[in-house]
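Undergrad: Build me a structure from this.
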Amino acid sequence: MRRKSLGINALLNSLQSLLNLVFPLITFPYISRTLSVDGIGKYNFASSIVSYFLLIATLGISTYAVREGAKLRSNRKEFSKFASNVFTLNLMSMLFSYLLLFITMLVVSSLHKYDLAILIFSIQIFFTTIGTEWVYIIFEEYGYITSRNIVFKIFSIIMLFIFVKEPNDYLNYVMITVFASTGSYILNFFHTKKFCDLKINFSFNWKEYLIPILTIFASTIAVKVYASSDTTILGFLKGDYAVGIYSVATKIYTMVGALWSAIVSVTIPRLAMLMGTNRMREYYNTLKRLTNTSITLIMPVLLGVVMLSKEVIVIIAGKNYLRAVTSLRILSFALIFSTLSGIFVNCVLIPAKREKYSMIDSFVAAFINIGLNFILIPLFSENGAAITTVIAEIIAAFLNFYFGRDIIIKTFRRNSDGMLRELSSVIIGSILVVVVCLCGKLLISSTLLRIIFDVVIALVIYGAVLIFFKNSVAVMFMNSIKESQDN
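TA: Numbering: from 1, shown residues only. Predicted coordinates:
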């Protein structure tokens, strides 16, 4: 297959993530004011319940499929056989997931008032399964994924303003959310014939697939537990209002984190292919560029969110949600650790077939997270939930580094002369970002103008510092601009 540019893929996937960021920025201010805090709380609680069963349906299939399928993508016959086997497994896990969901809804009486919302959200399980998004990730079809999502997001925004007009319309919001996130998966299913011949096939060695898939799944579910248990436990212990407040902080935190996930995710199939075909020099160089880029970009954003958390919440959700400022500031510090942990897992441990270590790390972090939730949430409500998330991300990042340390250390020992200069540029630039935000608070009274001033000036100054220190990310960016001008 034609080799695609990682830079173009990262740009396209970042555009998609930016679209996912803009969509809530457009809709959430309207929704938070229309549905009220309790309505938002019901919406998020129902969503968190279904997310567990969606996780069961997906298992570790996507991660496994990308790792193994990336090595077969140049052979249509072999890839079609592999994809059919994976798809069949996914259908079975989907049916099992629905069975567990219906049993849970019958047994747990406290969920009955959320029945309809949960059932609507559960439609995601079916469409995510038939969507076979992993096929498009394997073939790095980010242009198709991005353009498809733009169309469905635009339709969803139009529907939102038409059908959500009062607090009782939160179920309409649930339906529109499901349409926005999964409607395009129907197109995916029929479009897969471009890459493979997808069939239902039960005649294969299930054990060969199930052992690594279930190992990855165990790791994924542990991550999901410490990512979602905060909202679930908060809902049970403190009620819908606390969930509504916390959801604003987590919404912003998730939106920011999604931009860095976009950069990381486009590199995963390439790294899996490089390691799978034993092209280790290319693997080390790609992994180092990815890590440097992630750290360089995320530090100013982390500090920017901390400094502008009050202003951002007022713009996005309104003054009724100002209680979420502290939670957002706490959660912001999890960004750097979650980014590094994601790199260590998806770009080191999974390609190296060390998923069992990732599973161990995730369970340790999840166990600590849940235990701390029951201690800190009664004491500090939503702020306690935020603290447990940060602690869990720190533990996960440390453990994932430990089990991939031979590969990670070898990656950064290669051409390590400029590491001090790189680190210095990030630290100095980040300090100046804080100074700019402090100046903005002193000089500008308008919330919106202050955000614009801080972002623009901080971006210019941070970029200038990177260029002055010849940071590799800045140099790579400048070279890309020169090449595009020459062409």
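
Undergrad: list the contacts for Thr163?
TA: No Thr there; residue 163 is Phe. When the contact criterion is CB atoms under 8 Å, 6 or more residues apart in numbering, the partners of Phe163 are Asp169, Asn172, Ile176. C-beta: built from backbone N, CA, C; applies to glycine.

Undergrad: could you pull out the strands for the stretch 251-400 of the chain?
TA: Counting by DSSP state E, counting those that start in this stretch, the stretch 251-400 of the chain has no strands at all.

Undergrad: Geometric centre of the protein: which residue is closest?
TA: Against the mean C-alpha coordinate of the chain, by CA atoms, centre = their mean, the closest residue is Ala258 at 4.5 Å.

Undergrad: any idea where the helices of the stretch 51-200 of the chain begin and end?
TA: With DSSP state H, counting those that start in this stretch, the ranges of helices along the stretch 51-200 of the chain come out as 61-69, 76-107, 115-121, 123-131, 133-138, 142-163, 170-182, 185-191.

Undergrad: Not counting sequence-adjacent ones, nearest residue to Ala46?
TA: Computed as CB to CB, 6 or more residues apart in numbering, the closest residue to Ala46 that is not its neighbour in sequence is Ala117, at 3.7 Å.

Undergrad: ok, back up a step: do you know the pLDDT at the residue nearest to the centre of the chain?
TA: According to the prediction, Ala258 has pLDDT 72.

Undergrad: Same question for the one 4 residues further on.
TA: Model confidence at Ala262, expressed as pLDDT, equals 67.

Undergrad: how near is the nearest residue to Ser93 once chain neighbours are set aside to Arg67?
TA: If the residues on either side of it in the chain are set aside, Ser93 comes closest to Leu59, at 4.9 Å by CB to CB, 6+ apart. Leu59 sits 14 Å away from Arg67 when distances are taken as CB to CB, to the nearest Å.

Undergrad: quick one, domains of this protein?
TA: Domain segmentation of the chain under automatic domain parsing yields 6-414, 423-487.

Undergrad: right, and the residue nearest to Ser93 touches Phe217 too?
TA: Yes. Using CB atoms under 8 Å, Leu59 is in contact with Phe217, at 4.3 Å.

Undergrad: returning to that earlier point: from the contacts of Phe163, which is closest to Glu140?
TA: Nearest to Glu140 among the contacts of Phe163 is Ile176, at 29.9 Å by CB to CB.

Undergrad: need the contact list for the residue nearest to Ser93.
TA: Here Leu59 is in contact with Leu89, Asn90, Ser93, Ile213, Leu214, Ile216, Phe217, Thr220 (CB under 8 Å, 6+ apart).

Undergrad: Repeat that for Leu35.
TA: With contact set as CB under 8 Å, 6+ apart, Leu35 has these partners: Tyr43, Val164, Pro167, Asp169, Tyr170, Tyr173.
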